[in-house]
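Engineer: Need coordinates for the below:
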Amino acid sequence: MSAVGSPKTYTIPVGPLHVALEEPMYFHIDVEGETVRAVDIRAGHVHRGVEYLATKRSIYQNVVLVERICALCSNSHPETFVMACEQIAGLEIPERAAYLRVIAAEIKRIASHLFNVGILAHLTGYDTLFMHAMQVREIMQDVKETLFGNRMDIGALCIGGVRYDLDAETIAYLSTALDKLAPEVDALAGVYRRNHTILRRSRGIGLLTKEQAIACATVGPVARACGLEYDVRVAAPYAAYDRLKVDVPTLVDGDVWSRAMIRLTEIGVSIQLLRDCLRDLPGGPTRLPDRPDIPAGRAMGKCEAPRGELVYFLKTTGADEPERVKWRVPSFPNWDALGFMLRGAKIADIAIVVNSIDPCVSCTER
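Structural biologist: Predicted structure coming up:
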C-alpha cells in the first residue's frame, strides 16, 4: 500500500487474484481512509484469443469451441452462435427443438443464478447459507447430468436443432425436480429478504442509478435491478419464447441486495417457463434431417444469457471456416458500471460489490 496525495489517501492493488473472483482481474482502488474514491480496472490477464481460434476451425467445430468460453453461461454461447449460422443459411428449426432450446437455457439460468446468490452469502460471512444455496443448486446440477450427461458443458445444441430429447421418463424426472426446487428457492428468497446479516451487507451497497446503468449500457440482472425492463427473450424473442409468457422482474434501488433479489425472482420465472415448456412440448423431430451447409453471408444473433444480453456477429465465405466470429458478452458493459458502484463504498464491501455483477473474466477477455 503506497501513499498517494495526502497522507490519508492510498492506492490499493486488488488482484489479479482476489477473493471475489476465481479468475484474475486487476483493480487499482484509490481510497481515503476506508472509503473508495476511484477505481481503475485493468484486464487482459487471461486473454486466450478464442475469437482468432474460431477462424481456424470449421463452423461445426466452433459449436463445441464457443461452449467452452464460459462455464456458468456455457449454453448461451453456442445457442447464439448457431442462431447466427441459421440466419445466414435461412434455416428454421423444428418446433420441438425450439422448446428444447428453452428448456436447456432455463436450466442453465437457474444454476447460474443460484451460484451467484450463494457466493454473496459466502462473502458476507454467512457460510451456512452459502452451503445451503449450493445444496439447492445441486438439484439443477443433477438435472443437467441426467438430461445431458454433463454438469457444466451440456452440449445440447447443434446447427438446425438440438442434440438431446426428452421422453416420458425424463419429463417426469424434470417435473419432480422442479417441484422440489421451487419451495427451496422460495425459502432462500425469504432468508435474503429478512436476514440481518445479508441486509446489513447488501442494502444500500454498490448503488447504481438508472441513469448510470443506461450510460454504461448495463444488461441483465444488473440493469433490471435499476429499473431497466429489458430482456432479450421479450424484446427480440428467439427459440420458443414468443409462444411463452416471460415475466421481467425489476427493482429500482440498484444495490447489491436488489441484484440478488432479481436473480432469485428470475429463478421462479425460469421454473414456470420450464413447466410451460413441458406442458406444451410438441412432437416431431429435434433437428433438421441433414447437416446443412452454411453459405457466404453475415448475421448477428443474440440471446438472454444468465448475465444479460449476449451478442454474436458471424461472417462466412462459404468455406468450412468462418471469416470472423465476434461476440459482446454481458460482463463487458457491466464491468464499466463498477466505477459507479464502488465509488463511496467501504473497502470491506469491494468483493461483495464486484460479485454482484456476476462477472465473467473468461467471457470478457475471450
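
Engineer: Break down the stretch 251-366 of the chain into its strands, ranges please.
Structural biologist: Per DSSP state E, counting those that start in this stretch, the stretch 251-366 of the chain carries strands over the ranges 296-305, 308-317, 324-328.

Engineer: so what's the backbone phi/psi at the closest residue to Asn334 other than its chain neighbours?
Structural biologist: In space, Asn334 comes closest to Ile357 once its chain neighbours are excluded; the distance is 4.5 Å by C-beta to C-beta, 6 or more residues apart in numbering. In short, each C-beta sits where N, CA and C put it, glycine included. For Ile357, the backbone dihedrals (degrees, to the nearest 10) come out as phi -90, psi 0.

Engineer: biggest helix in the protein by residues?
Structural biologist: Criterion DSSP state H: the longest helix present in the chain is helix 95-123.

Engineer: Name the residues of the helix or strand following that helix that are buried.
Structural biologist: Using DSSP states H and E, the next helix or strand after helix 95-123 towards the C-terminus is helix 127-148. By 16 or more other C-beta atoms under 10 Å, the buried positions in helix 127-148 come out as 129-130, 132-134, 136-137, 139-141, 143-144, 147-148.

Engineer: helices or strands next to helix 127-148 in the packing?
Structural biologist: Judged by 3 or more C-beta pairs under 8 Å, 6 or more residues apart in numbering; DSSP states H and E, helix 127-148 is in contact with helix 95-123, helix 168-194.

Engineer: sorry, back to before: looking at the buried residues of helix 127-148, which is nearest Tyr26?
Structural biologist: Closest to Tyr26 out of these is Phe130 (25.9 Å), distances taken as C-beta to C-beta.

Engineer: which residues touch the spatially closest residue to Val185 that is not a sequence neighbour?
Structural biologist: Spatial nearest neighbour of Val185, excluding adjacent residues (C-beta to C-beta, 6+ apart): Ile267 at 5.1 Å. Shown in contact with Ile267 (C-beta atoms under 8 Å, 6 or more residues apart in numbering): Arg109, Ile110, His113, Leu114, Val185.

Engineer: Compile those residues into TSV and extend it with columns for pLDDT and distance to Glu34.
Structural biologist: Converted to TSV, the contacts of Ile267 look like this (pLDDT from 0 to 100; distance: C-beta to C-beta, whole Å):
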residue	pLDDT	distance to Glu34
Arg109	97	36
Ile110	97	37
His113	96	31
Leu114	97	32
Val185	97	35
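
Engineer: who wins for most neighbours among those residues?
Structural biologist: Among the contacts of Ile267, Ile110 has the most neighbours (other C-beta atoms under 10 Å), with 29 neighbours.

Engineer: coming back round to it: could you give the number of residues near the residue nearest to Asn334?
Structural biologist: For Ile357, using other C-beta under 10 Å, the count is 28.

Engineer: my guess is it meets Phe332, correct?
Structural biologist: No - here Ile357 does not reach Phe332: they are 10.9 Å apart, not a contact under C-beta atoms under 8 Å.

Engineer: okay if I get the buried residues of helix 127-148 as JSON lines plus pLDDT and distance to Leu273?
Structural biologist: As requested, the buried residues of helix 127-148 are exported to JSON lines (pLDDT from 0 to 100; distance: C-beta to C-beta, whole Å):
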{"residue": "Leu129", "pLDDT": "95", "distance to Leu273": "26"}
{"residue": "Phe130", "pLDDT": "94", "distance to Leu273": "27"}
{"residue": "His132", "pLDDT": "96", "distance to Leu273": "24"}
{"residue": "Ala133", "pLDDT": "96", "distance to Leu273": "21"}
{"residue": "Met134", "pLDDT": "96", "distance to Leu273": "23"}
{"residue": "Val136", "pLDDT": "97", "distance to Leu273": "18"}
{"residue": "Arg137", "pLDDT": "97", "distance to Leu273": "18"}
{"residue": "Ile139", "pLDDT": "97", "distance to Leu273": "16"}
{"residue": "Met140", "pLDDT": "96", "distance to Leu273": "14"}
{"residue": "Gln141", "pLDDT": "96", "distance to Leu273": "19"}
{"residue": "Val143", "pLDDT": "97", "distance to Leu273": "14"}
{"residue": "Lys144", "pLDDT": "96", "distance to Leu273": "16"}
{"residue": "Leu147", "pLDDT": "96", "distance to Leu273": "16"}
{"residue": "Phe148", "pLDDT": "95", "distance to Leu273": "18"}
